[in-house]
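> Sequence plus the predicted model coming up.
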Amino acid sequence: MKQKMRKAFQKFEGGLFSEVEKADVGDSYQKLGEQGVDLMGWADPYNPDFSLPDHVLKATLDAVNAPLSAHYTAPIGNDDLKVAIAKKLKRQNGLEVVAKRNILITPGSDSGLYYAMLSFLDAEDEVMIPTPSYPNNFQNVEILGAKAIPIQLKEKDDFQIDIKEFEKRLTPKTKMVVLTHPNNPTTTVFNESSLFQLADFIIKNDLILVCDQAFEDFTYENKMITPASLPGMWERTITVFSVSKGMGFSGYRVGYLVTNDVIMDALYGAAVSVLGATNSIAQVAVLAAFEDQSFMKAFENSFDYRRKKAYEILNQIPNVSMKLPESGFLCWVDVSKLGNASDIVSYLIQHAKVCVNDGINYGPGGEGHIRIVLGVYKDDERVVDALRRIKSALIDYQK
């Protein structure tokens, strides 16, 4: 029966049966944990440890006991939550929005990312994606029958944008640019020069930008600029936001889209058919988090410590290198001099008891790299110990 499925779906394999490449599906990943492997592949703060702040836990329990807890909420989202988000957008992103006109609450940012692409892409449209990049960017484009055009970011340029590479690949079929900013997996925070060049290119060629800012909250020494705030970009940008990475609420499945009135009118109109509605209890809990974000500082301090330890420890391995992560809680490690990254991922499971991601899953430029999620587990030293085991194993790998 598989041949009756859409051609794009026929290509997807290993959904429940592969331990490493598809570790984010089924229970194979958790089974590795049961075997004593430290799981450093899911970008989920403090997973699997409890991390809800007291005021968010209280709001969750209060919402469970409320009369409307088991009933529909508005498909476009909780009004109070949207007001709180509007305040955050002004303060953090430089965006002045009308809460009831420019914000759509989605069941997680992944569904929002897909919905943003769905609203614009027809078969055969071309979508420029700076790579390495979040795998869903490529898969969404393929599922929709459009064509992904990878624009490879270069390590020698600190993974910043070279607009000449975009200009070379522009065709009459180009409709959209999808940007993950800060980048996942490289952690790059795109600088002012990169973003202004990209904005000029998009405006000049009448393109749409879908910008995924799931990792925007912790950018350390780097200035985070929201592309939709740049001149001429509000009219042609859909920005995708998440509460999973900065607040650690991945299980609540709450994200939000922000865009102008014209685009949002259509998104609102189709939301009930495409998205249904976001969990009512989760929205109340997330509202409490937006009203008191002080708990996020502890996340930032912890992740800052971990990224610096990773930089210190992993750069001591001969023939292995990494840059100091610019954002979030990931690190992107060049293991190309050691051989095939897939073999190294398997070796680390066996000999370091650590599961990490193969860079090949992140598109062109990902080969020869591994992605390590530093944000897992609540105990900083457990993560540092895992990094030391990775170091020891990769030194032994070369003997």
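Structure received. Predicted model only: the values in this text are computed from it and were never measured.
> What segments of the stretch 151-300 of the chain are helices?
Along the stretch 151-300 of the chain, the stretches classed as helices by DSSP state H, counting those that start in this stretch are 163-169, 192-204, 261-274, 280-291, 296-314.
> Which among these is found nearest to residue 255?
Across the helices of the stretch 151-300 of the chain, the minimum distance to residue 255, taken as Cβ to Cβ, is reached by helix 280-291, at 9.8 Å. Glycine gets a C-beta too; all of them are placed from N, C-alpha and C.
> Can you pull out the residues in contact with the closest one?
Surrounding helix 280-291, the residues in contact under the criterion Cβ atoms under 8 Å, 6 or more residues apart in numbering are 53, 55-56, 58-60, 62-64, 66, 68-69, 71-73, 77-78, 80-81, 84-85, 87-88, 105, 243, 247, 249, 252-254, 295.
> hang on, the earlier thing: averaging pLDDT over each of the helices of the stretch 151-300 of the chain, report the lowest-scoring one.
Confidence, taken as mean pLDDT, is least for helix 261-274 of the helices of the stretch 151-300 of the chain (a mean of 92).
> circling back: just checking, which of the contacts of helix 280-291 belong to strands?
If you go by DSSP state E, the contacts of helix 280-291 have residue 105 in strands.
> Neighbour count says what about the contacts of helix 280-291? Which are buried?
Buried by 16 or more other Cβ atoms under 10 Å: 53, 56, 59-60, 63, 73, 77-78, 81, 84-85, 105, 243, 247, 249, 252-254, 295, out of the contacts of helix 280-291.
> low-confidence ranges in the chain?
The chain contains residues with pLDDT under 70 at 1-2, 12-26.
> So for it, the centremost residue is which one?
When Cα atoms, centre = their mean is applied to the chain, the residue found nearest the centroid is residue 214 (4.9 Å).
> so it touches residue 245, yeah?
Yes. Taking Cβ atoms under 8 Å as the definition, residue 214 is a contact partner of residue 245 at 5.1 Å.
> just how off-centre is stretch 182-200 within its chain?
Using Cα atoms, centre = their mean, to the nearest Å, the distance from the centre of stretch 182-200 to the centre of the chain it belongs to is 14 Å.
> circling back: so of the helices of the stretch 151-300 of the chain, which one's packed in deepest?
helix 280-291 (a mean of 21; mean count of other Cβ atoms under 10 Å).
> Do I have it right that residue 229 meets residue 96?
No. Residue 229 is beyond contact range of residue 96, at 9.3 Å (criterion: Cβ under 8 Å).
> Would you check how far apart the closest residue to residue 6 other than its chain neighbours and residue 117 are?
Nearest non-adjacent residue to residue 6, counting by Cβ to Cβ, 6 or more residues apart in numbering: residue 143, 7.6 Å away. The gap separating residue 143 from residue 117 is 9 Å, by Cβ to Cβ, to the nearest Å.
> returning to what we had before: nearest spatial neighbour of the residue nearest to the centre of the chain, chain-adjacent residues omitted?
The spatially closest residue to residue 214, leaving aside those adjacent along the chain, is residue 242, at 4.0 Å (Cβ to Cβ, 6+ apart).
> Am I right that residue 128 sits in a strand?
Yes. Counting by DSSP: H, G, I helix; E, B strand; the rest coil, residue 128 is located in a strand.
> Could you double-check that it sits in contact with residue 169?
Yes. Here residue 128 reaches residue 169: they are 6.6 Å apart, a contact under Cβ under 8 Å.
> shared neighbours of these two, anything?
Residues within reach of residue 128 and of residue 169 at once, by Cβ under 8 Å, 6+ apart, are 149, 151.
> Any idea how far apart the tips of stretch 266-286 sit?
Across stretch 266-286, the terminal residues are separated by 25 Å (Cα to Cα, to the nearest Å).
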